[in-house]
Structures are given as structure tokens and as C-alpha cells.
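Visitor: output the structure for:
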Amino acid sequence: MSFVVSARKYRPIRFKDVIGQPAITTTLKNALKSDKLAQSFLFCGPRGVGKTTCARILAKIINCQNLSPDTEPCNECAACTAFNHSASFNIFELDAASNNSVDDIRALIEQVRFAPQVGKYKVYIIDEVHMLSQAAFNAFLKTLEEPPSYAIFILATTEKHKIIPTILSRCQIFDFSRIKVADIVTHLQGICHDQNVVADENALHVIAQKPMAVCASASVDV
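Guide: Okay, here's the model as predicted:
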């Protein structure tokens with residue numbers, strides 16, 4: 001059996017797998033169900049609460065060709081399969097922490113000009129968007145003000161206060177809360193059951209309160 005890091009194996013692939021953010025996942029699913037999806041989203045909150053994960057799930061759902069009755073991705077259609085294998089031509093991710101120049105944004109804007117050849121939407125996920133330079137923000141603003149109908153932008157940040165007001169005013173903002181210890185313990189219990197591991201609940205509470213300990217647990221063979 002090949003080794004898979006637990007952080008990858010148990011990363012949520014559906015909204016119902018996301019821990020501790022029911023208000024946000026329910027709101028997004030209702031918007032999808034009623035076909036009233038915004039064109040620009042801003043996911044804010046501390047590190048490790050599911051911003052990028054939710055952005056990827058939303059991007060997958062938007063292009064899924066066979067949504068489940070509860071508005072979750074089927075994970076079987078061509079669009080979902082391509083996404084799962086990091087081969088989707090309709091979903092683009094940019095890490096603004098290392099690609100924060102105006103040239104990087106201009107290259108993204110150049111991609112936005114072309115409609116998707118397969119599927120209905122092109123989704124652009126920009127992580128750590130607060131790291132963009134002032135010139136990059138200004139270059140991006142025009143596209144965000146007048147996006148083509150097939151383009152959807154999902155921005156994620158840990159520092160909302162660093163984003164210029166003109167960008168904020170054009171996004172639907174979701175504030176992610178810190179995950180409660182009780183929710184983490186429940187999730188860890190599910191993993192232990194899946195791995196046939198017996199764990200004391202008090203020990204799981206200690207792990208849930210110590211993020212570094214959780215990272216260390218990723219070295220367990222699965």
C-alpha cells in the first residue's frame with residue numbers, strides 16, 4: 001500500500017466534510033442551488049480554518065456536470081476527475097505570496113480574456129491576496145469591476161485589513177471562524193475509527209489544542 005500523508009488523505013473534498021464552518025458552507029450551497037452565485041468572493045480568517053479548501057470545493061462544484069441532490073460534487077464526471085488529478089483547464093490557482101507583481105496579475109488577466117472551451121465557468125483562486133503589490137491590485141481592479149460572465153474569482157486572505165477598499169467592495173465576503181476544539185476531537189475520533197486506532201479522548205483533546213502535534217501526526221503510515 002502506498003504511503004499517503006494524512007493531511008492529504010483526509011482533506012475535505014465536499015462541503016459536508018469541512019469542519020467548523022457550517023454557516024459558510026450552507027450559504028454557498030444555497031447560492032449554488034438558487035443559481036445566485038456572486039462573481040467575486042473573499043474568504044477571510046486565520047490560517048488552517050479551511051479557506052483554500054472551501055475555495056477548491058466551490059470551484060469544483062461550479063463546473064461539476066452532475067451535482068448531487070444536496071449540491072455536492074459528484075467526483076465522477078469529467079470536470080471533477082480533471083480537478084482531482086490537477087488537470088482542469090477551467091480552474092487556476094495563484095499564490096500571491098510568491099507571485100505578487102503586476103506582471104503576474106497581467107498574465108492572469110490575459111487568461112481571463114478567453115472563454116472556457118469545456119464547461120461553463122473559469123474559476124480563479126488567488127491565495128494570500130493581501131500580498132499583492134499596490135500596482136498589482138490596481139491592475140486587477142479593472143477586471144474585478146467588469147468581469148466576463150464566465151469568470152469567477154475566489155480570493156483568500158489571513159489579513160483582510162491589508163486589502164484595498166475598492167477590492168473589498170466588489171467581493172462577497174465570508175469570515176471564517178476558528179475551528180472549535182470539540183469539532184476537531186470529533187473529527188480525530190472518526191480518523192481513529194477509520195484507521196482502527198484506539199485513542200483516549202483526553203489525548204485527542206490535547207492533540208486538538210496543539211496544532212504542531214496534529215502536524216506531527218501526519219507522519220503516521222496510512
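Visitor: need the strands for the chain, in chain order.
Guide: 40-44, 91-95, 122-127, 151-157, 172-175 (DSSP state E).
Visitor: residues in contact with Cys171?
Guide: Contacts for Cys171 (CB atoms under 8 Å, 6 or more residues apart in numbering) come out as Ala38, Ser40, Phe41, Leu42, Leu144, Phe153, Leu155. Glycine gets a C-beta too; all of them are placed from N, C-alpha and C.
Visitor: buried subset of those?
Guide: For the contacts of Cys171, a burial check counting by 16 or more other CB atoms under 10 Å picks out Ser40, Phe41, Leu42, Leu144, Phe153, Leu155.
Visitor: how about a markdown table for the residues you listed, with distance to Val112 added?
Guide: Shown next, in a markdown table, are the buried ones among the contacts of Cys171 (distance: CB to CB, whole Å):
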| residue | distance to Val112 |
| --- | --- |
| Ser40 | 12 |
| Phe41 | 16 |
| Leu42 | 18 |
| Leu144 | 10 |
| Phe153 | 9 |
| Leu155 | 14 |
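Visitor: specify which member of these is nearest to Gln209.
Guide: Leu42 (29.0 Å; CB to CB).
Visitor: for the closest one, which non-adjacent residue is closest in space?
Guide: Using CB to CB, 6 or more residues apart in numbering and skipping the chain neighbours, the partner closest in space to Leu42 is Cys171 (3.9 Å).
Visitor: need the pLDDT of that neighbour.
Guide: Cys171 is assigned 94 on the pLDDT scale.
Visitor: repeat for the one 10 residues further on
Guide: With respect to pLDDT, Val181 has a value of 87.
Visitor: from memory it sits against Gln209, does it?
Guide: Yes. Under the criterion of CB atoms under 8 Å, Val181 makes contact with Gln209 at 5.8 Å.
Visitor: tell me which of those two has more neighbours.
Guide: Between Val181 and Gln209, counting by other CB atoms under 10 Å, Val181 is the more crowded of the two (15 against 12).
Visitor: contact partners for that one?
Guide: His205, Ala208, Gln209.
Visitor: and these, which is closest to Pro12?
Guide: Closest approach between the contacts of Val181 and Pro12, by CB to CB: Ala208, at 16.9 Å.
Visitor: tell me how many other residues surround that closest one.
Guide: Considering only other CB under 10 Å, Ala208 is surrounded by 20 other residues.
Visitor: how close does it get to Cys74?
Guide: Per CB to CB, to the nearest Å, Ala208 is found 32 Å from Cys74.
Visitor: what about the helices in this protein?
Guide: All helices of the chain, identified by DSSP state H, fall at 6-9, 22-33, 51-63, 78-84, 102-112, 134-145, 165-168, 181-194, 201-209, 211-216.
Visitor: show me what the first one is packed against.
Guide: Okay, so that is helix 6-9. Applying 3 or more CB pairs under 8 Å, 6 or more residues apart in numbering; DSSP states H and E, we find helix 6-9 packed against no helix or strand.
Visitor: please consider this matter closed, and thank you.
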